[in-house]
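Asker: quick one: sequence plus predicted model below, questions after.
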Amino acid sequence: MGTIRQTLITLLQEQSWTAKEISRAVGVREKEVYDHLAHIARSSNIGGKLVITPSVCKACGQAFKKRDRLTPPSRCFRCKSESLTPPRFHIQPFAGPGKHRWVEDL
Ligand SMILES: [Zn+2]
């Protein structure tokens, strides 16, 4: 269990992922990936901060930023479209002296 979480943390430090991509990469069910992500989001020892690129409605462009849960909504509350991009996750390293400065891609 702890090992999988460590693997996830390493992956998330390298690039951004959707839960589905992580699921494929490590062979863990998508639901479990979200459980791990929820833990990682609350962890202070991951070398940075879990950053979430929100799910966006492909039909109207609505972004779903304020979510209590990490899972995407099943459909858009604005236009009711079910075509949403999945949220992406990565770990943004804490900025330190001499460290490369991270630029948000959103
Ligand atoms: Zn919409």
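Answerer: Thanks, I have the structure now. Numbers count the residues shown, from 1 in each chain.
Asker: rest of the way, CA atoms for contacts and neighbours
Answerer: OK.
Asker: just the strands in this protein please.
Answerer: Per DSSP state E, the chain carries strands over the ranges 17-18, 48-53, 55-56, 63-64, 88-93.
Asker: reformat the ones you listed as JSON lines; add mean pLDDT.
Answerer: Shown next, in JSON lines, are the strands of the chain (pLDDT from 0 to 100):
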{"stretch": "strand 17-18", "mean pLDDT": "98"}
{"stretch": "strand 48-53", "mean pLDDT": "94"}
{"stretch": "strand 55-56", "mean pLDDT": "96"}
{"stretch": "strand 63-64", "mean pLDDT": "94"}
{"stretch": "strand 88-93", "mean pLDDT": "95"}
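Asker: any chance of those in a markdown table, plus mean neighbour count and distance to A41?
Answerer: Output for those, formatted as a markdown table (neighbours: other C-alpha atoms under 10 Å; distance: least, C-alpha to C-alpha, whole Å):
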| stretch | mean neighbour count | distance to A41 |
| --- | --- | --- |
| strand 17-18 | 20 | 14 |
| strand 48-53 | 18 | 5 |
| strand 55-56 | 21 | 17 |
| strand 63-64 | 16 | 17 |
| strand 88-93 | 21 | 9 |
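Asker: okay, those strands in CSV with distance to Q6 next?
Answerer: Below are those laid out as CSV (distance: least, C-alpha to C-alpha, whole Å):
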stretch, distance to Q6
strand 17-18, 15
strand 48-53, 13
strand 55-56, 25
strand 63-64, 28
strand 88-93, 12
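Asker: can you put those in TSV and add distance to the ion?
Answerer: Below are the strands of the chain laid out as TSV (distance: least, C-alpha to the ion, whole Å):
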stretch	distance to the ion
strand 17-18	20
strand 48-53	17
strand 55-56	8
strand 63-64	8
strand 88-93	18
